[in-house]
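In: have a look; sequence and predicted model below, questions after that.
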Amino acid sequence: MFVGITQITLAADRAFYLDSEAGNDANNGSITKPFRSMNRLSQIALRAGDAVYLRGGQTFEGTITIKGSGTREKNILVTSYGAGTAEIYSGNGTAVIVRASKFVAIKNIVLLGNGIKT
């Protein structure tokens, strides 16, 4: 029996921060000048080693679309930061879309919504 283990690297090459209350999409996405919306984040082509941090205890409306791939050594990470866990509320849509990507790690995030209606 073979068991494969993949190590997830958490150190980020580039870091993008979102704060749904104090952020601004005209900001640069740093910890001191975070983006506000997931729409702004979705405009960035993420690459190996990048990390996306959503402020814990806040709800972000919409969808994160991840374009770009990590590597086995340098994943793309999406997670919460600060106190609490961030929530993504997608309504009737999809909270996270990973498009033509690999080695993406999503952790410590609550995904909420009604599901896609057909």
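Out: Looks like it arrived, so ask away.
In: extract the residue ranges of the chain that are flagged as low pLDDT.
Out: For the chain, the stretches flagged by pLDDT under 70 are 1-12, 115-118.
In: can you give me the helices for it?
Out: Using DSSP state H, the helices of the chain run over residues 38-41.
In: so which residue is smack in the middle of it?
Out: residue 78 (3.4 Å; C-alpha atoms, centre = their mean).
In: how near is that one to residue 48?
Out: As for residue 78, its distance to residue 48 is 14 Å (criterion: C-beta to C-beta, to the nearest Å). Every C-beta, even on glycine, is put in place using the N, C-alpha and C of the backbone.
In: with residue 74 instead?
Out: Residue 74 is 4 Å from residue 48, where distance means C-beta to C-beta.
In: shared neighbours, those two?
Out: Contact with both residue 74 and residue 48 is made by residues 13, 103, according to C-beta atoms under 8 Å, 6 or more residues apart in numbering.
In: and the strands in the protein?
Out: Secondary structure of the chain by DSSP state E: the strands cover 15-18, 51-55, 59-61, 64-67, 76-81, 86-89, 96-99, 104-106, 109-112.
In: and these: which comes nearest residue 26?
Out: strand 15-18 (13.5 Å; C-beta to C-beta).
In: tell me which other helices or strands that closest one touches.
Out: helix 38-41, strand 51-55 (3 or more C-beta pairs under 8 Å, 6 or more residues apart in numbering; DSSP states H and E).
In: the last one: partners in the sheet, and parallel or antiparallel?
Out: Looking at strand 51-55 with DSSP bridges, its partner strands are strand 15-18 (parallel), strand 76-81 (parallel).
In: residue 71: neighbour count?
Out: When counting by other C-beta atoms under 10 Å, one arrives at 13 neighbours for residue 71.
In: since that was my last question, I'll sign off now.
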